[in-house]
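Q: Have a look; sequence and predicted model below, questions after that.
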Amino acid sequence: MSTVTSRITGTDYDAAEWALRVDLAAAFRLAARFGWHESVANHFSAAVSADSKTFLLNPKWRHFSTIRASDLLLLNADDDGVMEREDAPDPSAWCIHGAIHAAVPHARVLLHCHPIYSTALCGLADPAIKPIDQNTARFHKRAAVDLGYGGIADDAEEGRRLARALGNHPVMLMGNHGVSVTGDTVAQAFEELYYLERAAQTMILAYSTGQPLNVMDEKLAAKTSAGWDNYTGAAEAHFEQLKAMLDADDPSYRD
């Protein structure tokens with residue numbers, strides 16, 4: 001088994017875990033660049049184990065723009081003592097990510113944040129994304145809508161409720177709250193988040209005109225959504241180029 005030694009902590013990591021750490025750290029830095037961060041809140045995670053229950057998560061109250069690969073916590077969803085430790089994660093992070101990684105194996109990577117347009121959309125009585133262009137059609141029948149918000153997510157039952165609400169969807173619009181997106185890889189999840197915020201921006205701007213939306217019919221919406229399957233490799237290509245931009249400016253996320 002090949003290993004990588006962190007030059008910051010001196011700790012040896014399995015090479016595959018380290019690569020995942022680097023990608024997740026890059027996602028934090030990029031989210032800050034895109035303006036999707038919020039104070040020292042919000043959280044991203046990525047599963048290390050085959051059952052998704054062992055996962056990486058950002059430490060409590062660290063700004064996205066400072067996150068490094070070696071900073072990420074390694075947690076297990078079945079560990080009842082996590083929140084009793086000195087380095088415990090943010091309660092909301094544990095509530096959401098612990099529950100979803102425990103119950104939704106397809107959520108290998110889970111990005112939860114409150115981007116401006118997506119969150120504005122989630123503040124509407126009907127936050128569903130309507131297929132009015134290619135980007136919005138990407139989410140046709142792929143985005144769960146959760147209207148059961150009951151306050152800040154910081155208890156076990158709320159986490160389990162959110163896991164049920166996500167179900168087998170890759171994306172969840174969380175009414176009165178924000179969004180959560182998933183993916184098999186960090187690149188795929190980040191691409192979902194990128195297009196989700198673009199789609200939300202389009203929706204908000206279209207709503208702002210006061211004119212009726214030109215919503216695609218079911219057949220066209222389904223065809224357009226399925227058409228995105230031909231571009232799955234774009235996520236990896238996009239993310240690699242974004243990491244190259246980070247490397248040129250500040251590669252410290254790799255530490």
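A: Looks like it arrived, so ask away.

Q: number of nearby residues for residue 3?
A: Neighbours of residue 3 under the rule other CB atoms under 10 Å: 11. For glycine as for every other residue, the C-beta is placed from the backbone atoms N, C-alpha and C.

Q: Off-centre distance for stretch 240-250?
A: Distance of stretch 240-250 from its chain centroid, counting by CA atoms, centre = their mean, to the nearest Å, is 20 Å.

Q: Please work out the average pLDDT along it.
A: The average pLDDT within stretch 240-250 is 98.

Q: which one's the longest helix in the protein?
A: Ranked by residue count and defined by DSSP state H, the top helix of the chain is helix 186-208.

Q: Give the rounded mean pLDDT of that one.
A: 98.

Q: From the contact counts, what lies against that helix?
A: Packing contacts for helix 186-208, counted by 3 or more CB pairs under 8 Å, 6 or more residues apart in numbering; DSSP states H and E, involve helix 15-33, strand 109-113, helix 116-121, helix 134-137, strand 178-183, helix 233-249.

Q: next SSE after it?
A: helix 218-227 (DSSP states H and E).

Q: now that next one, how far from the centre of its chain.
A: Relative to the centre of its chain, helix 218-227 is centred 24 Å away, using CA atoms, centre = their mean.

Q: same question, stretch 38-49
A: For stretch 38-49, the distance to the chain centre is 8 Å (CA atoms, centre = their mean).

Q: And for that stretch, what's in contact with it?
A: 17, 20, 23-24, 27-28, 31, 53-58, 61-64, 74, 89-90, 92-93, 96-97, 101, 107-114, 178, 186 (CB atoms under 8 Å, 6 or more residues apart in numbering).

Q: got it, and stretch 226-244?
A: The set of residues external to stretch 226-244 that reach it, using CB under 8 Å, 6+ apart, is 23, 26, 30, 138, 183, 185, 186, 187, 188, 190, 191, 194.

Q: Find the nearest non-adjacent residue to the fourth one, please.
A: In space, and not counting its chain neighbours, residue 138 is closest to residue 228: 5.1 Å by CB to CB, 6 or more residues apart in numbering.

Q: what does the model give the one you found for pLDDT?
A: The predicted local confidence for residue 228 is 96.

Q: What separation do you get for it and residue 203?
A: Using CB to CB, to the nearest Å, residue 228 is found at 17 Å from residue 203.
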